[in-house]
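Novice: Provided below are the primary sequence and the corresponding predicted coordinates.
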Amino acid sequence: GIQVEQSPPDLILQEGANSTLRCNFSDSVNNLQWFHQNPWGQLINLFYIPSGTKQNGRLSATTVATERYSLLYISSSQTTDSGVYFCAVEGGSYIPTFGRGTSLIVHP
Amino acid sequence: SQTIHQWPATLVQPVGSPLSLECTVEGTSNPNLYWYRQAAGRGLQLLFYSVGIGQISSEVPQNLSASRPQDRQFILSSKKLLLSDSGFYLCAWSYRYEQYFGPGTRLTVT
């Protein structure tokens, strides 16, 4: 199956800093999503982005499908951005493959 | 709009007791449904998925089973819980491409 690697595994920032999270995948994918898991465990959809670039407020994402990676940018980070960020890809079945996530802590 | 419900939110059960977790989806028809488990250390493990009523695929052989008695209902069960069944259980649905998660059930087996 498709392998998904996320980096870095852990990230600590001061409020206001910018960051880039990376998701590498081992094969062609049809779908790619970014999720944020908040401290209460809820997984929130951030982006559905199998290719191209999207922006939503302080967050943006870019997927370069031909090179098998996706990037999630967080600008002017806030304490509410803390949590774990997951990348999930799907290569033609109904079964997404998740990376192990990037744990982000934003200090005030 | 679509909504996904899970209950209970938390559960403490003794070893050897049965388990039933329920997940329902509103606002969509014929969704794909999924059960995941997340142990401490954050990885998401897919347990079961279903593409239709009565159609269940198991990804990991274990002490659990799943059923889909109605189009928008997905149930996770166990006859006898093990300590290793403790974790955070998440139900999800998808239609076409995007996947959406419920609030989860935190299960502690004592």
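Specialist: Nice, I can see it. Source: prediction; values computed, not measured.
Novice: For the helix or strand where B:Gln45 lies, name the packing helices and strands.
Specialist: Using DSSP states H and E, the element containing B:Gln45 is strand B:44-52. Using 3 or more C-beta pairs under 8 Å, 6 or more residues apart in numbering or on different chains; DSSP states H and E, the elements in contact with strand B:44-52 are strand B:32-38, strand B:55-58, strand B:65-70, strand B:73-78. For every residue, glycine as well, the C-beta is placed using N, CA and C.
Novice: Compare the mean pLDDT across the ones you listed and name the weakest.
Specialist: Of all the helices and strands packed on strand B:44-52, mean pLDDT reaches its minimum on strand B:55-58 (a mean of 90).
Novice: neighbouring strands for that strand, and are they parallel or not?
Specialist: For strand B:55-58, the pairing partners within the sheet under DSSP bridges are strand B:44-52 (antiparallel).
Novice: Now do the partner strand: distance to the chain's middle.
Specialist: Here the centre of mass of C-alpha atoms in strand B:44-52, compared against the chain's by C-alpha atoms, centre = their mean, to the nearest Å, lies 8 Å away.
Novice: what about the helices in chain A?
Specialist: Counting by DSSP state H, chain A has no helices at all.
Novice: of all the residues in it, which ones are close to chain B?
Specialist: Counting by C-beta under 8 Å from any C-beta of the partner chain, the residues of chain A lying close to chain B are A:30-31, A:33, A:35, A:37, A:41-43, A:45, A:48, A:50, A:84, A:86, A:88, A:90, A:94-96, A:98, A:100-101, A:103.
Novice: Recalculate using a threshold of 7 Å.
Specialist: A:31, A:33, A:41-43, A:45, A:48, A:84, A:88, A:94-96, A:98, A:100-101 (C-beta under 7 Å from any C-beta of the partner chain).
Novice: so what's the closest residue to chain B within chain A scoring on pLDDT?
Specialist: With distances taken as C-beta to the nearest C-beta, chain A approaches chain B most closely at A:Leu43, which sits 4.0 Å away. The predicted structure scores A:Leu43 at 94 on the pLDDT scale.
Novice: Repeat that for B:Tyr95.
Specialist: What the model reports as pLDDT for B:Tyr95 is 78.
Novice: if we look at the sheet, which residues does it bridge to?
Specialist: B:Tyr95 has the following beta-bridge partners by DSSP bridges: B:Glu98.
Novice: tally of neighbours for it?
Specialist: Other residues near B:Tyr95 number 14, with proximity taken as other C-beta atoms under 10 Å in any protein chain shown.
Novice: State the distance from it to B:Asn32.
Specialist: Relative to B:Asn32, B:Tyr95 is positioned 7 Å away (criterion: C-beta to C-beta, to the nearest Å).
Novice: Tell me which residues touch the residue of chain A closest to chain B, please.
Specialist: A:Leu43 sits next to A:35, A:37, B:90, B:101 when contact means C-beta atoms under 7 Å, 6 or more residues apart in numbering or on different chains.
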